[in-house]
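In: only geometry, no sequence info:
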């Protein structure tokens with residue numbers, strides 16, 4: 001069980017690190033949001049799963065499941081709304097982008 005918890009912690013840390021590096025290194029808001037939403041959500045879920053396996057109590061597991069569901073529902077919606085708001089404000093995409101599929 002300790003190996004599984006350690007593996008989940010390492011995976012969660014890795015995905016959270018990838019999300020952080022994506023926020024720092026990617027060129028524009030849209031790609032940064034993508035990195036933060038995708039990798040950050042997966043990283044947090046792995047970390048929460050490690051908590052659930054390390055403390056196998058009904059209250060802890062139910063809170064972990066509720067938190068994971070909340071994150072999976074709200075993170076993509078928040079990123080989508082931020083992207084739409086920035087597009088509405090006229091925020092330009094990265095200049096080396098080949099196509100802009102968001103134009104109406």
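Out: Okay, I see it. In this text the structure is predicted, and so the values were computed from the model without any measurement.
In: Check which helices and strands the helix ranked longest in the chain is in contact with.
Out: Secondary structure of the chain read by DSSP state H shows that its longest helix is helix 58-89. For helix 58-89, the elements it packs on are helix 29-54, judged by 3 or more CB pairs under 8 Å, 6 or more residues apart in numbering; DSSP states H and E. C-betas here are computed from N, CA, C, even on glycine.
In: for the helix it packs on, the distance to its chain's centre please.
Out: Relative to its parent chain, helix 29-54 has a centroid offset of 4 Å by CA atoms, centre = their mean, to the nearest Å.
In: List the buried residues in that helix.
Out: Neighbour counts over helix 29-54 (16 or more other CB atoms under 10 Å) mark 29-33, 35-53 as buried.
In: swap in stretch 58-68?
Out: Neighbour-count burial for stretch 58-68, with 16+ other CB under 10 Å as criterion, is recorded at 64, 68.
In: what does that stretch contact?
Out: Stretch 58-68 is contacted from outside by 45, 48-49, 51-52, using CB atoms under 8 Å, 6 or more residues apart in numbering.
In: could you redo the last one with a cut-off of 10 Å?
Out: Stretch 58-68 is contacted by residues 41, 44-55, 57 when judged by CB atoms under 10 Å, 6 or more residues apart in numbering.
In: Got phi/psi on residue 27?
Out: When quoted as degrees, to the nearest 10, the phi and psi of residue 27 stand at phi -80, psi -30.
In: And residue 57, its phi and psi?
Out: As for residue 57, its main-chain torsions (degrees, to the nearest 10) stand at phi -110, psi 150.
In: and it, what does it touch?
Out: Taking CB under 10 Å, 6+ apart, we find residue 57 in contact with residue 63.
In: repeat for residue 38
Out: 15, 18-19, 22, 75-76, 79.
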